[in-house]
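[1] Sharing a model prediction with you, sequence too.
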Amino acid sequence: MQRTKYALEFKDEAVKQVIDKGHSVVDVAKRLGIPDNVLYTWVSKFK
C-alpha cells in the first residue's frame, strides 16, 4: 500500500477549516477526500 503525499498548503487549509472555521474533522475529511484519521493527526500536530 502506497502512502499519499499531501502538499503543505493542502494540509494547512484542511487544518484551518477545522480549527478556525469550526468544521468537524469528519466533514472536512469527507469533503476533501482524505481519511479522517489523517486529518485528526494533522490537527493534533498543529495544536
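    Alright, I've got the coordinates. Bear in mind that the values here come from a model prediction, so they are computed numbers and not experimental data.
[2] what's near enough to touch the one residue sitting closest to the centre of the chain?
    Centroid check for the chain by C-alpha atoms, centre = their mean gives residue 39 as the closest residue, at 3.3 Å. Residues near residue 39 by C-beta atoms under 8 Å, 6 or more residues apart in numbering: 14, 15, 18, 25, 28, 29, 32. The way it works is simple: take the backbone N, C-alpha and C, and place the C-beta from them, glycine included.
[3] Where neighbours are concerned, which of those has the most?
    residue 14 (23 neighbours; other C-beta atoms under 10 Å).
[4] roughly how far apart are that one and residue 29?
    Separation of residue 14 from residue 29 (C-beta to C-beta, to the nearest Å): 8 Å.
[5] cool, and residue 8?
    Following C-beta to C-beta, the distance that separates residue 8 from residue 29 is 17 Å.
[6] now residue 42
    10 Å.
[7] circling back: skip the chain neighbours and tell me the closest residue to the residue nearest to the centre of the chain.
    residue 29 (4.5 Å; C-beta to C-beta, 6 or more residues apart in numbering).
[8] taking the contacts of residue 39 one by one, which sit in helices?
    Cross-referencing the contacts of residue 39 against helices under DSSP state H gives 14, 15, 18, 25, 28, 29, 32.
[9] Mind putting those into a markdown table with pLDDT and distance to residue 2?
    Shown next, in a markdown table, are the ones in helices among the contacts of residue 39 (pLDDT from 0 to 100; distance: C-beta to C-beta, whole Å):
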| residue | pLDDT | distance to residue 2 |
| --- | --- | --- |
| 14 | 97 | 20 |
| 15 | 97 | 23 |
| 18 | 97 | 26 |
| 25 | 97 | 23 |
| 28 | 97 | 23 |
| 29 | 97 | 19 |
| 32 | 97 | 19 |
